[in-house]
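Visitor: Task: produce atomic coordinates for the following.
(chains A and B)
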Amino acid sequence: MTALLEIEDLRVTFNTRHGQVTALDSVSLHVNEGETLGVVGESGCGKSITALSVMGLIPSPPGRIAGGEIRLDGENLVGASDKRLRRLRGAEAAMIFQEPMTSLNPVFTVGEQIAEAIMLHQKVSHDRAFRDAIELLDRVGIPSPESRARDYPHQLSGGMRQRVMIAMAVSCRPRVLIADEPTTALDVTVQAQIFDLLNEIQRDFGAAIVLITHDMGAISEMADRVAVMYAGRVIEEASADNVLDHPLHPYARGLIDCIPALGREETDLKEIPGVVPPLHLLGEGCAFADRCAHCEPRCLREKPRLVTHGNHPAAHPAACHGVEEGRI
Amino acid sequence: MTFSILLKRLGYGVLLMLGVVVLNFLLIRLAPGDPAMVIAGEMGGATEEMLSSIRAEYGLDQPVLTQLWIYISNVATGDLGQSYFFNQSVTSLIAQRIGPTILLVLVAQLLSILLGVFMGVIAARRPNGPISAFVSVFATVGYAVPVFWTGIMLIIFFASVFPIFPVEGMASIRMRNAAWYMQWLDIAHHLVLPAVTLAIIYLAQYARLSRASMMEVLGSDYIRTARAKGAGERAVLFRHALRNAALPILTVAGLQFGNLISGALLVETVFNWPGMGRLAFDSILRRDYPTIMGVLFFASMMVVVANILTDLSYRLADPRLRGKG
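Guide: Numbering: from 1, shown residues only, chains lettered A, B, ... in the order given. Below is the predicted model:
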């Protein structure tokens, strides 16, 4: 079975004050129809850049896709014409953004904004599109959608706005839905509702979902498979259960250890010491080396590759010399 | 809701006009010079007797505050007094002149907003591109050059080098008996140079402002959303971005209206345009107090009305402001 969305060896560079930096370094990911892929990592690890690359929305300049392929249903999107990309955006691949408060245009009603998405990809009248928009608002659980459709974004709460964003994203039944930290800006109770909604939408529409998050809780609830990213590279990839129960890479372990558990007696919260290094300071070796408790001289010299080490049933690809050498 | 806001704004407007009237009156009295002398001079020689009879006739012998009171109560009934110089009621003088001024100011305003915003939008699309550089240079030059200089240069150019536009007046005498549409075309023809002269400086400002405003809006999340749903470049620029970028432009357009009217004074003088600016110029030279105050009164009124309209259009353009006092 071929994957619906395949990213292969994707390399994205940005021109900055510090010269050219590599924001994504040979990133390979895939997601199948009806599947949810979780992409986790700290801020600045390249999750959002990956998502924007798929949408063809890398701000350019200064950004540039320097190599690799992004295939949607076998069609390579890297180097595709603007016209072709516009036709795919919103129709075949849609995206939900992190900031529902600022992601809707303040001067148009929400119904109008959803209707616009519909009319961009389907030959329907404005009335028809607006009625569809009302239906979608109903579908994403907005009460009295009829009158809400005529509201402006500032008249809705954050959770409501994110529901509107979801309605807009699914309005043309995209085959791939990218959700970039869709719940970060929302209350915890609303977060659960949004995840439920995404699950429902996936069931009904059969879309593949790429869920970008730094919240391991969201991963355990939503994802079938997980890719862990660090400093522009994928460093571990496996089924969600596998990663959560048997994390290999010290960074992945760290992320999972950071989840505070109810009922466990803990005096303080765990953390991973240090921060993601600035991209222009990445050296020869493993990007995580200076934060890693298992760092050895080889880790500073040589970049680890993402491969499966050993033949344990839970073994899965991880980019770590320590795992390869059986030290960890 | 909107109606009560309109009433409130109108109320403020009336108060503001009252303040303007009082201030105009007092400021002009503070200026040196005696109108009785000027009037007497026009009549051919001033004797003490003549001066005092003139003062009595125009109420200039009363205490200033009494004069002010009389003036305000007259203004309230729509009587702006009698021009010392033109020997007509100020109201009728202004009635003859206000049309050409409004025409000139509105055309210049429209021209500068439409062209300026268009240039700004195009420039914002590629902030480092050649069009953007051209707009920046044009804006700086346009902003720095004084209105009268632009006017004189245009007159020189179009009077001698390339005589396709009339450089003086508002209508040709030979058109006096022509059909109405020919007369209109004639006026439009005469309007080109003064309107362009008046528009250039504001055009430059709008171009700069809308370039900056558009660049900010184009970096916002909802523009990314618009692109993510597959909107084309033109829809993104003119539908999604411009509606938002227009808000600061509207504010400035409202504020600029006053400057535009004072700019019109210079332009009307340079091009001999028969509007209020010329009237103001002539009456200042002759210390024609009632006419000066009448002109100031109407100019202020135009500014106040423009500000009320700006406020209302702001509400129309930005749904977040609707229903807020």
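Visitor: Tell me, how many residues neighbour A:Arg161?
Guide: When neighbours are counted by other CB atoms under 10 Å in any protein chain shown, A:Arg161 registers 22. From N, CA and C alone the C-beta is placed, and that goes for glycine too.
Visitor: how close does the residue nearest the centre of chain A sit to A:Val31?
Guide: Nearest residue to the geometric centre of chain A (CA atoms, centre = their mean): A:Ile212, 2.5 Å. Distance, A:Ile212 to A:Val31, using CB to CB, to the nearest Å: 12 Å.
Visitor: returning to what we had before: can you name the residues that contact the residue nearest to the centre of chain A?
Guide: A:38-39, A:47-48, A:50-51, A:178-181 (CB atoms under 8 Å, 6 or more residues apart in numbering or on different chains).
Visitor: Which two among these are spaced furthest apart?
Guide: A:Gly38 and A:Ser48 (14.2 Å; CB to CB).
Visitor: any idea how far stretch B:193-205 is from the chain center?
Guide: On the basis of CA atoms, centre = their mean, to the nearest Å, stretch B:193-205 is displaced by 12 Å from the centre of the chain it belongs to.
Visitor: before we move on, what about stretch B:176-183?
Guide: 27 Å.
Visitor: I'd like the C-alpha coordinates of it written as PDB, please.
Guide: Extracted in PDB, the C-alpha atoms of stretch B:176-183 (Å, rounded to 0.1, in the frame of the first residue of the first chain):
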ATOM      1  CA  ARG B 176     -20.200  79.700 -22.000                       C
ATOM      2  CA  ASN B 177     -23.000  78.800 -24.300                       C
ATOM      3  CA  ALA B 178     -22.000  75.200 -25.000                       C
ATOM      4  CA  ALA B 179     -24.100  72.100 -24.000                       C
ATOM      5  CA  TRP B 180     -24.000  71.200 -20.300                       C
ATOM      6  CA  TYR B 181     -21.800  68.100 -20.900                       C
ATOM      7  CA  MET B 182     -19.300  70.200 -22.900                       C
ATOM      8  CA  GLN B 183     -19.100  72.600 -20.000                       C
END
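Visitor: can you list the residues that contact that stretch?
Guide: Contacts to stretch B:176-183, defined as CB under 8 Å, 6+ apart, come from residues B:171, B:175, B:186.
Visitor: repeat that with 10 Å
Guide: Contact with stretch B:176-183 is made by B:171-172, B:175, B:184-186, as judged by CB atoms under 10 Å, 6 or more residues apart in numbering or on different chains.
Visitor: now, the most widely separated pair of these?
Guide: Longest span within the contacts of stretch B:176-183, CB to CB: B:Ser172 and B:Trp184, 12.4 Å.
Visitor: in stretch A:208-221, what counts as buried?
Guide: A:208-216, A:218-221 (16 or more other CB atoms under 10 Å in any protein chain shown).
Visitor: I'd like the residues you listed written out as JSON lines, with pLDDT and secondary structure added.
Guide: As requested, these are exported to JSON lines (pLDDT from 0 to 100; DSSP: H, G, I helix; E, B strand; the rest coil):
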{"residue": "A:Ala208", "pLDDT": "90", "secondary structure": "strand"}
{"residue": "A:Ile209", "pLDDT": "92", "secondary structure": "strand"}
{"residue": "A:Val210", "pLDDT": "93", "secondary structure": "strand"}
{"residue": "A:Leu211", "pLDDT": "92", "secondary structure": "strand"}
{"residue": "A:Ile212", "pLDDT": "91", "secondary structure": "strand"}
{"residue": "A:Thr213", "pLDDT": "88", "secondary structure": "strand"}
{"residue": "A:His214", "pLDDT": "83", "secondary structure": "coil"}
{"residue": "A:Asp215", "pLDDT": "82", "secondary structure": "coil"}
{"residue": "A:Met216", "pLDDT": "83", "secondary structure": "helix"}
{"residue": "A:Ala218", "pLDDT": "83", "secondary structure": "helix"}
{"residue": "A:Ile219", "pLDDT": "87", "secondary structure": "helix"}
{"residue": "A:Ser220", "pLDDT": "86", "secondary structure": "helix"}
{"residue": "A:Glu221", "pLDDT": "84", "secondary structure": "helix"}
